[in-house]
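**Student:** Got a predicted structure here, sequence first:
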Amino acid sequence: MTGEAGVGQNHSYRRRMMPLAVVIAVIGITLTACGSGGTSSATSSTTAGSGPNKKAMAAVLLQVSDLPSGWADSSKPQSSSSEAETKKAAQSIPACRAFVAQADIEKKQTQLSSATFNDSAMPSDAANEASNQVVGYGSEAQAKTAYAAYASSQTSVCLQQVFDNLVKEQVASINAGGGPPATVTAEVQILGVPAAGDATTAYEIVLTIDVAGTAQKIGFVVQIVRVGQYVISYNATMYQAAPDKFGQNLVDRSVVRFGAALAA
């Protein structure tokens, strides 16, 4: 998991752009509810298997030791308050049909979420942050079916169109409040990441924001890792370029810890 972004120096500028940063985090979290390739997925992949190991699932959640020096628990809960808004935006997009169907399926699975960690050396309203979530399925077959959607071309198309729609709404709202007009573009791309678990894929969404000729980039990265009957998502919002091997290190550390917990 990697990504690059730059942060503006003006505090009021950053504060004006925070609603857009919230959109990034919300969509990234909601991506964990993306799913398999059709409405029949809830039953078509069901096979015999043991239930999720919730104790082991807790071991995969990020810890401060997984992150660079200076990162800390931000005491900021992972937000899902805009999940309904995101789902509503996705419902009218053909590429998001699996997203919408799986969102309901995921709610019935065993899920755990980490704390949200941030770089305490950065301004509190524009600090790089990271978190992760894990979903435990009833069988490996179900997890494979869910993971398949993350690696499909339809997921990136869905994300691009959802971002375009939600960003358009946010920019209109910000500009309606007066002040210099903001323009924003969003770009979704598939990232190449080192192997992890049984399978992994990752996406980076970069928002380029311009206000009165002052530009800022905010990046959001989500990496999905499947380990047996579990699907783990790692999310990061980046206002500045991440340290070298930032994502690789935190993914590797938590996945190794998870493997040891499952084997215990």
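**Tutor:** Arrived safely, thanks for sending.
**Student:** Can you name the residues bridging to Gly219?
**Tutor:** Here Gly219 sits in beta bridges with Val206, Met238, going by DSSP bridges.
**Student:** please renumber so the chain begins at 26
**Tutor:** Yep, numbering from 26; the last one is Gly244 now.
**Student:** thought Tyr175 was touching Ile215?
**Tutor:** No. Using Cβ atoms under 8 Å as the test, Tyr175 is too far from Ile215 to be in contact (10.2 Å). C-beta coordinates here come from the backbone N, C-alpha and C atoms, glycine included.
**Student:** Now for those two: what residues contact both?
**Tutor:** Counting by Cβ atoms under 8 Å, 6 or more residues apart in numbering, the contacts common to Tyr175 and Ile215 are Thr226.
**Student:** okay, the two: which has more neighbours?
**Tutor:** Neighbours per residue (other Cβ atoms under 10 Å) separate Tyr175 from Ile215, with Tyr175 holding more: 25 against 13.
**Student:** which residues of the stretch 26-175 of the chain score low on pLDDT?
**Tutor:** For the stretch 26-175 of the chain, applying pLDDT under 70 flags the ranges 26-74, 101-110, 128.
**Student:** And the helices in it, which stretches?
**Tutor:** For the stretch 26-175 of the chain, the helices defined by DSSP state H, counting those that start in this stretch occupy 36-56, 66-69, 79-85, 108-116, 122-131, 165-175.
**Student:** Following element in sequence after the last one, please.
**Tutor:** Going back to what we said before, that points to helix 165-175. helix 178-201 (DSSP states H and E).
**Student:** now for that next one, which elements pack on it?
**Tutor:** helix 36-56, helix 108-116, helix 122-131, strand 207-216, strand 224-236 (3 or more Cβ pairs under 8 Å, 6 or more residues apart in numbering; DSSP states H and E).
**Student:** how many other residues sit next to Val281?
**Tutor:** Counted with other Cβ under 10 Å, the neighbours of Val281 add up to 13.
**Student:** Work out for me the element it sits within.
**Tutor:** Using DSSP H and E, the element containing Val281 is helix 271-288.
**Student:** Next, the angle from that helix to strand 224-236.
**Tutor:** Angle of helix 271-288 versus strand 224-236, following axes from the mean of the first three to the mean of the last three Cα atoms, to 10 degrees, is 140 degrees.
**Student:** Show me what helix 271-288 is packed up against.
**Tutor:** helix 79-85, strand 154-161, strand 239-252, strand 255-263.
**Student:** okay, those in JSON lines with distance to Gly272 and mean neighbour count next?
**Tutor:** Compiled in JSON lines, the helices and strands packed on helix 271-288 are given as follows (distance: least, Cβ to Cβ, whole Å; neighbours: other Cβ atoms under 10 Å):
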{"stretch": "helix 79-85", "distance to Gly272": "15", "mean neighbour count": "18"}
{"stretch": "strand 154-161", "distance to Gly272": "8", "mean neighbour count": "24"}
{"stretch": "strand 239-252", "distance to Gly272": "6", "mean neighbour count": "23"}
{"stretch": "strand 255-263", "distance to Gly272": "7", "mean neighbour count": "26"}
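**Student:** for the ones you listed, which one sits closest to Arg282?
**Tutor:** With Cβ to Cβ as the measure, helix 79-85 is the member of the helices and strands packed on helix 271-288 nearest Arg282 (5.0 Å).
**Student:** ok, Ala176 to Thr233 distance?
**Tutor:** 26 Å (Cβ to Cβ, to the nearest Å).
**Student:** quick revisit: what about the helix holding Val281, distance to the chain center?
**Tutor:** 18 Å (Cα atoms, centre = their mean, to the nearest Å).
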